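> Pasting the sequence and the predicted coordinates here, then a few questions.
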Amino acid sequence: MKKLLAILLSAAILLSFAACGDGGKKDDPNLLKIGNYEALYTGCEIVKDYDGDDTVVINFTFTNNSKEAQSFEWAYYYEVKQGGEELDYAVVFVSEDSYDTLDDSMLEDVEPGQSKDIQMTYKLKDLTTNVVVEVSDLYDEETDSVTIDLSTAK
C-alpha cells in the first residue's frame with residue numbers, strides 16, 4: 001500500500017512539473033498580452049519624421065478583451081528602447097495637408113471584443129540595432145515585450 005501511494009505521489013509531482021514545462025515561453029513572440037488586452041506586432045517601417053530624423057513606425061493590432069472600451073494608450077504602460085536607451089517620441093503626420101499624426105490611433109477607444117490597428121512612432125538612434133517595446137500594467141505586476149528587428153522594416 002505504501003509503495004502504491006509513493007508511486008501515485010511521484011506521478012502527481014511529475015505531471016505538475018510537465019504542466020509547467022515550457023518555462024513561461026510565449027506561443028507567439030510577436031504577441032503582447034497584459035490582463036484583458038493584447039497587441040499583436042504586425043510589422044514596422046522606417047520613415048522621416050517632421051524634423052527629418054529617422055523614425056520607426058511600429059504597427060500593432062490591439063485587441064480589447066475587457067468589459068469596457070479602452071485605448072492602447074490607457075491599457076498599457078509602455079517604453080520603446082533601442083540598445084537599452086529609451087527612444088524619443090517622433091511626430092509623423094498622416095499627410096502634408098493634415099495635422100493628424102500616425103500615432104493618433106493609440107488614443108482611440110476600442111470597444112470590448114474588438115480590435116484596431118494602431119501605430120507608434122519613435123526616433124531611432126541608428127538603423128541596425130533592434131528596438132524593444134516593453135509593456136506592463138499600471139502596477140508593473142505583469143510585463144511583456146516584443147523585439148523588433150529593423151532589418152525587416154519596409
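Alright, I've got the coordinates.

> do you know how far the most centrally placed residue in the chain is from Tyr41?
Central residue of the chain (Cα atoms, centre = their mean): Leu32, 3.9 Å from the mean position. Applying Cβ to Cβ, to the nearest Å, the value for Leu32 to Tyr41 is 7 Å. (Each C-beta comes from the backbone N, C-alpha and C, glycine too.)

> Asn130 is in contact with Gln82, correct?
Yes. Between Gln82 and Asn130 there is a contact at 7.3 Å, judged by Cβ atoms under 8 Å.

> quick one: which of those two has more around it?
Ranked by neighbour count (other Cβ atoms under 10 Å), Gln82 and Asn130 place Gln82 first, with 20 against 12.

> give me the beta-bridge partners of the more buried one?
Glu85, Val131 (DSSP bridges).

> so which helix or strand takes in the residue nearest to the centre of the chain?
strand 31-34 (DSSP states H and E).

> Return the alpha-carbon coordinates of that strand using CSV.
What follows is strand 31-34, C-alpha atoms only, in CSV (Å, rounded to 0.1, in the frame of the first residue of the first chain):
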residue,chain,number,x,y,z
LEU,A,31,2.0,39.0,-29.1
LEU,A,32,2.0,41.3,-26.1
LYS,A,33,-0.5,40.2,-23.5
ILE,A,34,-1.3,42.0,-20.3
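
> Packing partners of the helix or strand following it?
Past strand 31-34, further along toward the C-terminus, the next helix or strand under DSSP H and E is strand 37-48. Judged by 3 or more Cβ pairs under 8 Å, 6 or more residues apart in numbering; DSSP states H and E, strand 37-48 is in contact with strand 31-34, strand 54-64, helix 72-75, strand 131-136, strand 143-148.
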